[in-house]
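>>> Everything below, folded, please.
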Amino acid sequence: MASPLQAALRKIVRPSPSLSTLPGNLYQVLSRYPQDGVGQKVHQTRWGVKGIEGSYWEVTRTKVKCEGRHGKAWGVLVWKGKRVSERDEQIPGGLKYSWVVGESRSKPGVTPPPKLSS
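Next up is the predicted model:
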């Protein structure tokens, strides 16, 4: 059984956010890395659920504010293995979606939606 002091310390002392590997908004994820994530490959977690593989943003520059909770990020989009962006552009959905580092992979047991024929 934990003493009241140990319980109080657990509430106060939390591990550093830089040690976390959990998904977060784009700026939280990028702020865990040196140079605020410049050079990292990041993707939205929902891409894997939709069966989208090999897609990511390669971050080229960032402006992180409020201890990594807000900001702006620019990068180059690679969609299904093909580079889509000719030059860096602002990455949309930084606060709206959950992000993780790496390329998107299809989740096990998820089948991509069927393509509609016209």
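
>>> residue contacts, the residue most central in space within the chain?
Nearest residue to the geometric centre of the chain (Cα atoms, centre = their mean): residue 99, 2.3 Å. With contact taken as Cβ atoms under 8 Å, 6 or more residues apart in numbering, residue 99 is in contact with 23-26, 29, 42-45. For every residue, glycine as well, the C-beta is placed using N, CA and C.

>>> What score does it have for pLDDT?
As predicted, residue 99 sits at a pLDDT of 92.

>>> Give me the phi and psi for it.
Backbone torsions of residue 99, given as degrees, to the nearest 10, read phi -130, psi 150.

>>> Please tell me how far it sits from residue 9.
Taking Cβ to Cβ, to the nearest Å as the criterion, residue 99 is separated from residue 9 by 31 Å.

>>> Residue 55 too?
In this structure, residue 55 and residue 9 are separated by 42 Å, where distance is defined by Cβ to Cβ.

>>> so the residue nearest to the centre of the chain bridges to which residues?
In this structure, residue 99 bridges to residue 24, residue 44 when assessed by DSSP bridges.

>>> Then residue 76?
Here residue 76, judged by DSSP bridges, has bridge partners residue 58.

>>> what pLDDT does it get?
97.

>>> Let me know whether it touches residue 90 as I believe.
No - in this structure, residue 76 is not within contact of residue 90 by Cβ atoms under 8 Å, at 11.6 Å.

>>> which of the two has more neighbours?
Summary of the neighbour comparison: residue 76 and residue 90, criterion other Cβ atoms under 10 Å, with residue 76 having more neighbours (18 against 10).

>>> what's the residue lying closest to residue 28 once chain neighbours are set aside in contact with, if anything?
Distances taken as Cβ to Cβ, 6 or more residues apart in numbering put residue 68 closest to residue 28, at 5.2 Å, once the chain neighbours are dropped. Contact analysis of residue 68 by Cβ under 8 Å, 6+ apart lists 17, 27-28, 30-32, 36.
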